[in-house]
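1. what follows is a protein structure lacking sequence information:
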């Protein structure tokens, strides 16, 4: 996965989160809404940093980390539409953010 593909994947996740957060049946007063919003903001910040970074996608560590993100994204896609699984969504988002943090540490 190239850095641009990774940034696009993160952007797609952010769009899905925006859709979930705008659901009228999911009130802003819900603690889970607050957590999803915080995760959305964090992913947005990470995406911005990733675009600014100059990380070679040929790096072996990069390849392994993007595979972890792909796996977390696959898990996220299975649970994000199910309102009862917000905790699982938060877990997948946390994993994705953690891996992007590791990718950013690869910056030369």
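-> Perfect, I can see it now. This structure is a prediction, so every number in the text was calculated from the model and none was measured. Numbering: from 1, shown residues only.

2. quick one: residue 81 and residue 23, what's the gap?
-> 11 Å (C-beta to C-beta, to the nearest Å). Backbone N, C-alpha and C define where each C-beta goes, glycine included.

3. how many neighbours does residue 105 have?
-> 11 (other C-beta atoms under 10 Å).

4. and if you look at residue 95?
-> 17.

5. that one contacts residue 65, correct?
-> No. Using C-beta atoms under 8 Å, residue 95 makes no contact with residue 65, being 11.1 Å away.

6. tell me, which helix in this structure spans the most residues?
-> helix 31-52 (DSSP state H).

7. tell me what that helix is packed against?
-> helix 3-21, helix 86-104 (3 or more C-beta pairs under 8 Å, 6 or more residues apart in numbering; DSSP states H and E).

8. residues contacting residue 36?
-> Residues near residue 36 by C-beta atoms under 8 Å, 6 or more residues apart in numbering: 17, 20, 21, 86, 89, 90, 93.

9. repeat for residue 27
-> residue 33.

10. report the secondary structure state of it.
-> Classification of residue 27 by DSSP: H, G, I helix; E, B strand; the rest coil places it in coil.

11. quick one, phi psi at it?
-> Note on residue 27: backbone dihedrals following degrees, to the nearest 10 are phi -70, psi 150.

12. gap between it and residue 33?
-> Taking C-beta to C-beta, one finds residue 27 at 6 Å from residue 33.

13. nearest spatial neighbour of residue 88, chain-adjacent residues omitted?
-> residue 79 (4.3 Å; C-beta to C-beta, 6 or more residues apart in numbering).
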